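A.B. asks: Build the 3D model from these lines:
(2 chains)
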2 protein chains.
Amino acid sequence: MTALSSYLEEKRLAVEAALRSALPPAEGPAARLHEAMTYSLMAGGKRIRPILAIAAAESCGADAARVMPAACALEFIHTYSLVHDDLPCMDNDDLRRGRPTNHKVYGETMALLAGDGLLTHAFRLIADNGHVPGVPAGAVAEVLAVVADAAGPTGMVGGQAADWLAEGRETGEAEVVYIHTHKTGAMIRASVLVGAILAGAPESRRAALASYGEKLGLLFQIVDDCLNVEGDAARLGKATGSDAAHKKATFPAVAGLPAAKARADALVAEARGALGTLNGHGGMLADLAEFVRRRES
Amino acid sequence: MTALSSYLEEKRLAVEAALRSALPPAEGPAARLHEAMTYSLMAGGKRIRPILAIAAAESCGADAARVMPAACALEFIHTYSLVHDDLPCMDNDDLRRGRPTNHKVYGETMALLAGDGLLTHAFRLIADNGHVPGVPAGAVAEVLAVVADAAGPTGMVGGQAADWLAEGRETGEAEVVYIHTHKTGAMIRASVLVGAILAGAPESRRAALASYGEKLGLLFQIVDDCLNVEGDAARLGKATGSDAAHKKATFPAVAGLPAAKARADALVAEARGALGTLNGHGGMLADLAEFVRRRES
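C.D. replies: Okay, the predicted model is just below:
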């Protein structure tokens, strides 16, 4: 086991435990909502966004505990986006991580509400992070602005809308970059930045980490696109080839698979380069960029 | 024109202007998302929640400007809840405020995303309120926790889930109170509390206003229920009788219309009573309780 893979496993387990206790209490008449939220939140996954926040905080000298509530918030938001994405009016997917999607189990109404609940409760967790010792005054408001911008109409939701509006028609590379940087990139960048803010990192370090996060975010989505073309469905836990079938705006579609892979390789180098100014403290983050490039699910 | 009606009109206009400028910029490929968000946000309405936040802040000696971004956030959240509520998988309503519902105009996908975008951007506006002069340090994190709890699985979303799960079967008064206090009451209470927090009100005044907000919230939903039974569809801008048709859990359904109205009258008195300790500074809030009782739309 490499240093990175044992690091990822250790952090993933810590995040899983924190996620479970971050869920709001299961209340009487709405207990099934809680069940639906838990179903998707605890469905596994690599927990990349929380781990990025933790690794970024650690690269700035703070520990995982400093950022754990906000790290969980990032995963709540990611999960909500998957639940809403899978709905019949969006991608209408039956499988996610090898299991029936939320609406297949709980019905459309409960899946819609579970997504709404996960998104809203994420912001409660950001407020909670203000009570963690060592968090600088004002950091909660800063994190709140960064996360809301990355998740909302100027970020992920904007990217999803653009993606939907582009489906089935010709798109150029500029539009694909817009969709990718908004739909996926913004929250990846925010994850890194949240770690830096809660660690109290100075502006220059934040800027370096934000630049790293931007490269990583685009890399992440391009790798996703490539996996949809030639990945292993069993390993991915979802069908492949769906982007092409839906004429989705993707990098392989506009530039071809070899060019998409070359772009991914270049982004790994750029992401590592952005960490250059961190004087050796970005080690795990550099390895994470390689990991995102090589992932098979 | 009474003092209250001219107050409501003045504040409503101020809120409308602030809402319009609170919308995120209309970006290129996602411009239609912006359009869909604007369609529902600027569809009129009484803007009761923002006005409650403003009136509560004023009752604590602050002015409207102190709370305006968060007041807008409350209306963004209210609007998102209406857009998602109207979706085919929820109430499947065609009309809202006399106009076609969001999904009738923009389609289900865009309506889903417009709701997600409105909800998420609301939290950005709460962060923005931290920059308003006079806002106490730490108030943003407090407001964030109050609003997220009131809107999320322990509040509005939980109430919506319970409402959905109760539909079509027998319910008792306790379950109806649960649904009402969560689905509508929580955000009404939060609106009042947000004004008090941002005004820097001491704990005793906050508690009095929270109690007022609780009574007002339940009152609000009982009046809504009664209007659905005997209101004027043209004035309401939506169909009446739908609760009975869907066997919704409502006060008139479990207790009868006369008892529901008597409960509403009692709640007005209780809400006014909760303001008793505010030494005359709650005047507009007391009148607001009467207004909510008497409203016809």
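A.B. asks: could you check whether stretch A:64-74 is close to chain B?
C.D. replies: No: against chain B, stretch A:64-74 shows no contacts by CB under 8 Å from any CB of the partner chain, the least distance being 10.0 Å. The way it works is simple: take the backbone N, C-alpha and C, and place the C-beta from them, glycine included.
A.B. asks: what does that stretch rub up against?
C.D. replies: With contacts defined as CB atoms under 8 Å, 6 or more residues apart in numbering or on different chains, stretch A:64-74 is touched by A:11, A:14-15, A:18-19, A:22, A:49-51, A:53-54, A:57-58, A:122-123, A:125-126, A:128-129, A:132, A:134-135, A:143, A:147, A:187, A:190-191, A:194-195, A:198-199.
A.B. asks: Residue A:88 - that's part of a strand, no?
C.D. replies: No: under DSSP: H, G, I helix; E, B strand; the rest coil, residue A:88 falls outside any strand and is assigned coil.
A.B. asks: Skipping its backbone neighbours, what lies nearest residue A:184 in space?
C.D. replies: Of all residues not flanking residue A:184 in the chain, residue A:221 sits nearest, at 4.1 Å (CB to CB, 6 or more residues apart in numbering or on different chains).
A.B. asks: What is the burial count for residue A:208?
C.D. replies: Residues near residue A:208, counting by other CB atoms under 10 Å in any protein chain shown, number 20.
A.B. asks: Run a quick check on it versus residue A:274, I expect a contact.
C.D. replies: Yes: Residue A:208 lies in contact with residue A:274 (CB atoms under 8 Å); the separation is 5.9 Å.
A.B. asks: Where does pLDDT dip in chain A?
C.D. replies: Chain A contains residues with pLDDT under 70 at A:1, A:277-282.
A.B. asks: that older thread, would you mind pulling up the elements that the host helix or strand of the residue nearest to residue A:184 packs against?
C.D. replies: Here residue A:221, judged by DSSP states H and E, is contained in helix A:203-230. Packing partners of helix A:203-230 (3 or more CB pairs under 8 Å, 6 or more residues apart in numbering or on different chains; DSSP states H and E): helix A:48-59, helix A:173-180, helix A:186-198, helix A:242-245, helix A:251-255, helix A:257-274, helix A:283-294.
A.B. asks: so can I have TSV of those helices showing distance to residue A:155?
C.D. replies: Below are the helices and strands packed on helix A:203-230 laid out as TSV (distance: least, CB to CB, whole Å):
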stretch	distance to residue A:155
helix A:48-59	13
helix A:173-180	12
helix A:186-198	4
helix A:242-245	21
helix A:251-255	19
helix A:257-274	19
helix A:283-294	19
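A.B. asks: Format the ones you listed as CSV; extra columns: mean neighbour count.
C.D. replies: Shown next, in CSV, are the helices and strands packed on helix A:203-230 (neighbours: other CB atoms under 10 Å in any protein chain shown):
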stretch, mean neighbour count
helix A:48-59, 28
helix A:173-180, 20
helix A:186-198, 28
helix A:242-245, 14
helix A:251-255, 20
helix A:257-274, 17
helix A:283-294, 19
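A.B. asks: Can you check which of these gets nearest to residue B:107?
C.D. replies: Residue B:107 lies closest to helix A:173-180 among these, at 18.4 Å (CB to CB).
A.B. asks: From chain B, how far out is the residue nearest to residue A:184?
C.D. replies: 15 Å (CB to the nearest CB, to the nearest Å).
A.B. asks: quick one: contacts for that residue?
C.D. replies: A:180, A:183-185, A:251 are the contacts of residue A:221 under CB under 8 Å, 6+ apart.
A.B. asks: Quick check: of those, which lies closest to residue B:39?
C.D. replies: For these, the nearest to residue B:39 is residue A:183 (22.6 Å; CB to CB).
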